[in-house]
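Visitor: below are the sequence and a predicted model for it; my questions follow.
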Amino acid sequence: MASSTPSPDVPGLAPAAPAHAPAGSHGEAHGEAHHGQQHPIGLYLKIWALLFVLSTLSYMVDYFHFEGYLRWTLILLFMVMKAGLIVGVFMHMAWERLALICAILLPPLCLLVLVGLMAMEADYTFLLRGAFFR
């Protein structure tokens with residue numbers, strides 16, 4: 001694969017330099033010793049703009065005085081979308097191997113499931129105590 005062709009996996013992303021690059025390749029010609037992906041600045045600016053839009057939408061939830069489950073659903077949705085963009089792009093998780101992604105993301109997801117189960121159990125216990133201890 002030639003180094004001038006864009007990566008088919010991620011649009012606008014230059015491919016990584018091969019580990020077996022011959023001496024005198026582009027990286028060594030300029031005295032650079034690093035290998036890896038070079039992300040265009042435009043990608044980061046687009047993600048920054050999208051984060052700004054999502055933050056604005058999050059503040060608009062309070063501005064328009066949404067109440068109840070709709071308010072919390074919108075706030076949590078915008079929060080998760082912003083966190084996903086930050087982790088995926090700024091922490092370079094979108095370009096990592098699946099094993100590393102699973103090792104980082106599965107434990108917190110399991111904890112969220114357990115917290116949800118505990119919340120349901122707490123609600124059941126609260127209602128049961130109300131029925132027997134009036």
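Guide: Cool, got the structure.

Visitor: could you look up the SS state of residue 66?
Guide: coil (DSSP: H, G, I helix; E, B strand; the rest coil).

Visitor: the nearest residue to it once chain neighbours are set aside: neighbouring residues, count only.
Guide: Among residues not flanking residue 66 along the chain, residue 74 sits closest, at 6.4 Å (CB to CB, 6 or more residues apart in numbering). C-beta coordinates here come from the backbone N, C-alpha and C atoms, glycine included. For residue 74, the tally of surrounding residues (other CB atoms under 10 Å) stands at 17.

Visitor: what pLDDT does residue 74 get?
Guide: As summarised for this prediction, residue 74 has a pLDDT of 96.

Visitor: give me every residue that touches it.
Guide: 57-58, 61, 66 (CB atoms under 8 Å, 6 or more residues apart in numbering).

Visitor: buried ones among those?
Guide: 58, 61 (16 or more other CB atoms under 10 Å).

Visitor: now the contacts of residue 74 as TSV including pLDDT, secondary structure and distance to residue 111?
Guide: Formatted as TSV, these follow (pLDDT from 0 to 100; DSSP: H, G, I helix; E, B strand; the rest coil; distance: CB to CB, whole Å):
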residue	pLDDT	secondary structure	distance to residue 111
57	97	helix	27
58	96	helix	24
61	96	helix	26
66	96	coil	28
